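> need a structure here:
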Amino acid sequence: MRIFVPLMAMICFLACNNFEKEQTVYPVNETLPTSLRWNWADSLDAIVVAPESHNIVYEDSTVRILKVICLPGVEEPIHTHKYKSVMWFTQSAHFIYYNYILDSNNQLVKNDSTEIKGFPAEILDKGQMVEPEHPHSIKNIGVDTFLAYRTEYKVELK
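Numbers count the residues shown, from 1 in each chain. Here you go, the predicted structure:
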(Lines give C-alpha, C1' and ligand atoms only; values in the text may rest on other atoms or scores of the structure.)
Protein backbone atom coordinates (compact mmCIF):
# COMPACT_ATOMS: atom_id res chain seq x y z
CA MET A 1 0.00 0.00 0.00
CA ARG A 2 2.87 2.41 0.72
CA ILE A 3 3.86 2.30 -2.94
CA PHE A 4 0.54 3.93 -3.87
CA VAL A 5 0.79 6.80 -1.37
CA PRO A 6 3.42 8.73 -3.42
CA LEU A 7 1.32 8.20 -6.54
CA MET A 8 -1.77 9.54 -4.80
CA ALA A 9 0.19 12.53 -3.55
CA MET A 10 0.88 13.37 -7.20
CA ILE A 11 -2.78 13.29 -8.21
CA CYS A 12 -5.33 16.01 -8.39
CA PHE A 13 -7.43 16.29 -11.60
CA LEU A 14 -9.40 17.26 -14.91
CA ALA A 15 -10.51 19.27 -18.33
CA CYS A 16 -7.77 20.43 -20.79
CA ASN A 17 -6.98 24.02 -21.73
CA ASN A 18 -3.65 25.54 -22.67
CA PHE A 19 -2.40 27.78 -19.91
CA GLU A 20 -1.70 31.17 -21.44
CA LYS A 21 -2.01 33.52 -18.45
CA GLU A 22 1.06 35.36 -17.23
CA GLN A 23 2.27 33.77 -14.00
CA THR A 24 3.69 35.47 -10.98
CA VAL A 25 6.05 33.30 -8.99
CA TYR A 26 6.67 34.34 -5.42
CA PRO A 27 9.86 33.50 -3.53
CA VAL A 28 9.63 30.72 -0.98
CA ASN A 29 9.54 32.02 2.59
CA GLU A 30 11.96 29.69 4.40
CA THR A 31 10.74 30.86 7.83
CA LEU A 32 7.29 29.35 7.31
CA PRO A 33 6.51 25.69 8.08
CA THR A 34 6.99 23.49 4.99
CA SER A 35 3.25 23.00 4.45
CA LEU A 36 2.68 26.78 4.37
CA ARG A 37 5.53 27.62 1.93
CA TRP A 38 4.25 28.41 -1.51
CA ASN A 39 5.66 30.09 -4.60
CA TRP A 40 2.80 29.84 -7.11
CA ALA A 41 0.23 32.51 -7.92
CA ASP A 42 -3.27 32.07 -6.48
CA SER A 43 -4.53 32.33 -10.07
CA LEU A 44 -3.39 28.69 -10.47
CA ASP A 45 -5.61 27.43 -7.62
CA ALA A 46 -7.82 24.49 -8.66
CA ILE A 47 -11.03 26.35 -7.82
CA VAL A 48 -10.00 29.30 -10.02
CA VAL A 49 -8.57 27.40 -13.01
CA ALA A 50 -10.47 24.10 -12.94
CA PRO A 51 -13.93 24.77 -11.47
CA GLU A 52 -15.52 22.16 -13.77
CA SER A 53 -13.65 19.45 -11.87
CA HIS A 54 -13.09 21.00 -8.43
CA ASN A 55 -16.20 21.94 -6.48
CA ILE A 56 -16.21 23.32 -2.95
CA VAL A 57 -18.28 21.06 -0.69
CA TYR A 58 -17.45 23.03 2.47
CA GLU A 59 -15.16 25.92 3.41
CA ASP A 60 -14.32 28.00 6.47
CA SER A 61 -11.21 29.84 7.69
CA THR A 62 -9.32 26.61 8.52
CA VAL A 63 -10.43 24.00 5.99
CA ARG A 64 -11.71 23.62 2.43
CA ILE A 65 -13.27 20.38 1.19
CA LEU A 66 -13.31 19.78 -2.57
CA LYS A 67 -15.18 17.24 -4.66
CA VAL A 68 -12.90 16.33 -7.56
CA ILE A 69 -14.45 14.66 -10.57
CA CYS A 70 -12.93 13.81 -13.95
CA LEU A 71 -15.09 12.33 -16.68
CA PRO A 72 -13.73 9.90 -19.29
CA GLY A 73 -11.82 11.64 -22.09
CA VAL A 74 -11.41 14.90 -20.14
CA GLU A 75 -8.11 16.63 -19.37
CA GLU A 76 -8.23 19.31 -16.72
CA PRO A 77 -6.42 22.66 -16.88
CA ILE A 78 -3.05 23.10 -15.19
CA HIS A 79 -3.65 23.90 -11.53
CA THR A 80 -2.21 23.73 -8.01
CA HIS A 81 -3.24 22.81 -4.49
CA LYS A 82 -1.61 25.13 -1.98
CA TYR A 83 -2.42 23.27 1.23
CA LYS A 84 -1.56 19.96 2.83
CA SER A 85 -4.60 17.75 2.34
CA VAL A 86 -6.29 14.46 2.97
CA MET A 87 -7.38 12.77 -0.27
CA TRP A 88 -10.23 10.27 -0.25
CA PHE A 89 -10.53 8.42 -3.57
CA THR A 90 -13.99 6.95 -4.11
CA GLN A 91 -13.89 6.03 -7.82
CA SER A 92 -10.78 5.26 -9.78
CA ALA A 93 -10.03 5.60 -13.47
CA HIS A 94 -7.24 5.07 -15.99
CA PHE A 95 -5.48 8.44 -16.25
CA ILE A 96 -2.25 10.29 -16.94
CA TYR A 97 -0.86 12.67 -14.32
CA TYR A 98 1.21 15.54 -15.79
CA ASN A 99 3.78 17.62 -13.87
CA TYR A 100 4.67 21.13 -15.07
CA ILE A 101 7.67 23.41 -14.58
CA LEU A 102 8.53 26.94 -15.62
CA ASP A 103 10.69 27.14 -18.74
CA SER A 104 13.28 29.84 -19.48
CA ASN A 105 10.47 32.12 -20.76
CA ASN A 106 8.58 31.76 -17.46
CA GLN A 107 5.90 29.62 -19.15
CA LEU A 108 4.49 26.41 -17.68
CA VAL A 109 5.47 23.36 -19.75
CA LYS A 110 5.00 19.64 -19.20
CA ASN A 111 7.98 18.21 -17.36
CA ASP A 112 6.99 14.57 -17.03
CA SER A 113 3.97 12.30 -16.76
CA THR A 114 2.85 9.14 -14.99
CA GLU A 115 0.21 6.75 -16.29
CA ILE A 116 -2.04 5.32 -13.55
CA LYS A 117 -4.16 2.37 -14.66
CA GLY A 118 -6.56 2.83 -11.78
CA PHE A 119 -6.23 2.24 -8.06
CA PRO A 120 -6.70 -1.19 -6.51
CA ALA A 121 -9.68 -1.67 -4.19
CA GLU A 122 -7.53 -1.34 -1.05
CA ILE A 123 -6.71 2.27 -1.98
CA LEU A 124 -10.32 3.34 -2.50
CA ASP A 125 -12.45 4.71 0.33
CA LYS A 126 -9.47 5.45 2.57
CA GLY A 127 -8.00 8.85 3.39
CA GLN A 128 -4.37 9.56 2.58
CA MET A 129 -2.36 12.63 3.65
CA VAL A 130 -0.80 14.46 0.70
CA GLU A 131 1.53 17.44 0.49
CA PRO A 132 0.68 20.61 -1.46
CA GLU A 133 0.75 20.01 -5.22
CA HIS A 134 2.67 22.20 -7.63
CA PRO A 135 1.34 22.79 -11.19
CA HIS A 136 -0.16 19.60 -12.58
CA SER A 137 -3.14 18.21 -14.46
CA ILE A 138 -4.67 14.85 -15.18
CA LYS A 139 -6.27 13.38 -18.27
CA ASN A 140 -8.82 10.60 -17.85
CA ILE A 141 -7.98 8.19 -20.69
CA GLY A 142 -10.26 5.43 -19.42
CA VAL A 143 -13.97 4.68 -19.54
CA ASP A 144 -14.66 5.23 -15.83
CA THR A 145 -15.27 8.50 -13.97
CA PHE A 146 -12.60 9.56 -11.48
CA LEU A 147 -14.04 10.82 -8.17
CA ALA A 148 -12.25 11.95 -5.02
CA TYR A 149 -12.68 14.31 -2.09
CA ARG A 150 -9.85 16.54 -0.92
CA THR A 151 -9.81 18.14 2.53
CA GLU A 152 -7.36 21.04 2.39
CA TYR A 153 -6.02 22.37 5.70
CA LYS A 154 -5.43 26.14 5.63
CA VAL A 155 -3.63 25.99 8.98
CA GLU A 156 -0.49 24.10 10.01
CA LEU A 157 -1.24 20.53 11.06
CA LYS A 158 0.69 19.23 14.07
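> from here on, contacts and neighbour counts on C-alpha atoms
Fine.
> what about the strands in this protein?
For the chain, the strands defined by DSSP state E cover 54-59, 63-70, 79-81, 85-91, 95-102, 108-116, 127-130, 133-140, 146-153.
> Point out the one among the ones you listed that comes closest to Ala41.
Set against Ala41 and scored by C-alpha to C-alpha, the strands of the chain come closest in strand 79-81, at 9.1 Å.
> Can you spell out which helices and strands pack onto that closest one?
Counting contacts by 3 or more C-alpha pairs under 8 Å, 6 or more residues apart in numbering; DSSP states H and E, strand 79-81 is packed against helix 46-49, strand 133-140.
> Tell me the pLDDT of the closest residue to Glu115 other than its chain neighbours.
With sequence-adjacent residues excluded and distances taken as C-alpha to C-alpha, 6 or more residues apart in numbering, Glu115 is closest to Ile96, at 4.4 Å. On the pLDDT scale, Ile96 is placed at 97.
> In contact with the closest residue to Gln91 other than its chain neighbours, which residues?
Counting by C-alpha to C-alpha, 6+ apart, Gln91 lies nearest to Leu147, which is 4.8 Å off, once chain neighbours are set aside. Residues near Leu147 by C-alpha atoms under 8 Å, 6 or more residues apart in numbering: 67-70, 89-92.
> Recalculate using a threshold of 7 Å.
68-70, 89-92 (C-alpha atoms under 7 Å, 6 or more residues apart in numbering).
> Quick check: it vs Ile78, distance?
18 Å (C-alpha to C-alpha, to the nearest Å).
> Under the pLDDT cut-off, which ranges of this structure? List them.
For the chain, the stretches with pLDDT under 70 are 1-37.
> number of nearby residues for Asp112?
11 (other C-alpha atoms under 10 Å).
> Verify the contact between it and Ile101 for me.
No. Asp112 sits out of contact with Ile101 when judged by C-alpha atoms under 7 Å, with a separation of 9.2 Å.
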